[in-house]
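1. Please find the sequence and the predicted model below.
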Amino acid sequence: MQGEGDQTFVLLPRYLTGSPKIDFELLINELSKDARVVVVEPFGYGLSDDTETPRTVENMVEEIHAALASLDIDTYALVTHSIWEYMR
């Protein structure tokens with residue numbers, strides 16, 4: 001998480017990206033001037049761990065919700081890229 005403010009942006013990366021944080025670096029730097037920015041790295045993306053859980057839409061969405069809940073984030077603007085457009 002980067003930045004501070006009342007608004008939170010949650011960024012979801014493009015499909016199978018090697019580094020979501022690097023992909024979104026310019027956007028993160030701009031948004032974090034006035035808001036909190038969270039970049040989600042789903043299992044198997046970037047530096048995240050792999051998982052034995054099947055990579056279904058339902059499972060991935062549930063994992064993202066769990067990650068945000070663990071950070072006490074319940075209200076946010078979702079910024080999606082690629083396949084995530086279909087998973088909201």
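-> Arrived safely.
2. buried residues in the worst-scoring helix or strand of the chain on mean pLDDT?
-> Ranking every helix and strand in the chain by mean pLDDT, DSSP states H and E puts helix 20-23 at the bottom, with a mean of 79. Judged by neighbour count (16 or more other C-beta atoms under 10 Å), helix 20-23 contains these buried residues: 20, 23. C-beta coordinates here come from the backbone N, C-alpha and C atoms, glycine included.
3. Can I get that helix in CSV, CA atoms only?
-> Provided in CSV are the C-alpha atoms of helix 20-23 (Å, rounded to 0.1, in the frame of the first residue of the first chain):
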residue,chain,number,x,y,z
PRO,A,20,2.2,-5.6,-11.3
LYS,A,21,3.9,-3.0,-9.2
ILE,A,22,6.3,-2.1,-12.1
ASP,A,23,3.5,-2.1,-14.6
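4. Of all the residues in the very next helix or strand once past it, which ones are buried?
-> Under the assignment DSSP states H and E, the closest C-terminal helix or strand after helix 20-23 is helix 25-31. Neighbour counts using 16+ other C-beta under 10 Å place 28, 31 of helix 25-31 among the buried residues.
5. Show me what helix 25-31 is packed against.
-> strand 8-11, strand 36-39 (3 or more C-beta pairs under 8 Å, 6 or more residues apart in numbering; DSSP states H and E).
6. Alpha carbons of the lengthiest helix in the chain, in CSV - could you do that?
-> Secondary structure of the chain read by DSSP state H shows that its longest helix is helix 57-70. Output in CSV follows, covering the C-alpha atoms of helix 57-70 (Å, rounded to 0.1, in the frame of the first residue of the first chain):
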residue,chain,number,x,y,z
VAL,A,57,-12.8,-16.6,-11.6
GLU,A,58,-14.7,-17.2,-8.4
ASN,A,59,-11.6,-18.3,-6.5
MET,A,60,-9.5,-15.4,-7.7
VAL,A,61,-12.2,-12.9,-6.8
GLU,A,62,-12.7,-14.5,-3.3
GLU,A,63,-8.9,-14.3,-2.7
ILE,A,64,-8.8,-10.6,-3.7
HIS,A,65,-11.7,-9.8,-1.4
ALA,A,66,-9.9,-11.7,1.4
ALA,A,67,-6.7,-9.8,0.9
LEU,A,68,-8.5,-6.4,1.0
ALA,A,69,-10.4,-7.4,4.1
SER,A,70,-7.2,-8.3,5.8
